[in-house]
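> A structural model of the following input is requested.
(2 chains)
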Amino acid sequence: GAVVSQHPSWVICKSGTSVKIECRSLDFQATTMFWYRQFPKQSLMLMATSNEGSKATYEQGVEKDKFLINHASLTLSTLTVTSAHPEDSSFYICSARDSQGGTDTQYFGPGTRLTVL
Amino acid sequence: EDKVVQSPLSLVVHEGDTVTLNCSYEVTNFRSLLWYKQEKKAPTFLFMLTSSGIEKKSGRLSSILDKKELFSILNITATQTGDSAIYLCAVSGGSNYKLTFGKGTLLTVNP
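Here you go, the predicted model:
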């Protein structure tokens, strides 16, 4: 299957700092990428849909000024958690939509565990 | 609002048993239903189903979709301890291809 990478896989930061997470589709082009967060023992919660070359679409209740998304190329989307606070600590996962060759499947990156002290 | 319900929420079996995981859904403009396996990290893709009645198989795992009754099942035969994971069902619908996830089924396979 297609490969999606995320960087970093793990980050600890101080409260008030910003953290950038990268999501890359390694062997396919993804016009659409998605950002999720997952709390322990819960399912994935969609935060936003990232479309290459346009503004991201945020789900209800997700602050767009706090979670900045940029999808500048067909293989890279970034999520920046601005002025992070302990309640932002979570597992952040991206997925990339592979629509080539008649398929339409989302592949997930390995996730980034963010801990805000 | 799109909705995906998985059952059971948790299941404990012995190695060698066969399990069936259920997923029912309500979604506007259904596109596809996907099954993922999540261990310690992010979900890994198992199957994508778009048509009713066509079974997809991969080794000991198989899945089928019923678009009339709006559900899917994931079967695992001859379970192994390595099958222990959370199995997530997700449905893609609407114009933006976003996935709606169920809460998952936690499968534990004991030796």
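> Output the lowest mean pLDDT helix or strand found in the chain.
This is for chain A. When each helix and strand of chain A is scored by mean pLDDT, DSSP states H and E, strand A:105-108 comes last, with a mean of 88.
> please go with chain B instead
Per mean pLDDT, DSSP H and E, strand B:99-101 ranks last in chain B, at a mean of 89.
> Look at the residue in chain B positioned nearest to chain A and tell me its secondary structure.
Per Cβ to the nearest Cβ, B:Ala42 is where chain B lies closest to chain A, at 4.1 Å. (Each C-beta comes from the backbone N, C-alpha and C, glycine too.) Three-state call for B:Ala42 (DSSP: H, G, I helix; E, B strand; the rest coil): coil.
> My guess is it contacts A:Ile93. True?
Yes. With contact defined as Cβ atoms under 8 Å, B:Ala42 reaches A:Ile93; the gap is 4.7 Å.
> and the residue of chain B closest to chain A, how many neighbours?
Neighbourhood size, B:Ala42 [other Cβ atoms under 10 Å in any protein chain shown]: 23.
> my guess is B:Ser24 meets B:Leu70, correct?
Yes. If you go by Cβ under 8 Å, B:Ser24 and B:Leu70 touch, sitting 5.9 Å apart.
> who has more neighbours, the two?
Neighbours were counted for B:Ser24 and for B:Leu70 using other Cβ under 10 Å; B:Ser24 has more, 18 against 15.
> got a list of what the closest residue in space to the more buried one that isn't next to it in sequence touches?
Distances taken as Cβ to Cβ, 6 or more residues apart in numbering or on different chains put B:Phe71 closest to B:Ser24, at 4.3 Å, once the chain neighbours are dropped. The neighbourhood of B:Phe71, defined by Cβ atoms under 8 Å, 6 or more residues apart in numbering or on different chains, consists of B:Asn22, B:Cys23, B:Ser24, B:Tyr25, B:Leu65.
> Between the residues you listed, identify the one with the most neighbours.
Tallying neighbours with other Cβ under 10 Å puts B:Cys23 at the head of the contacts of B:Phe71, with 27 neighbours.
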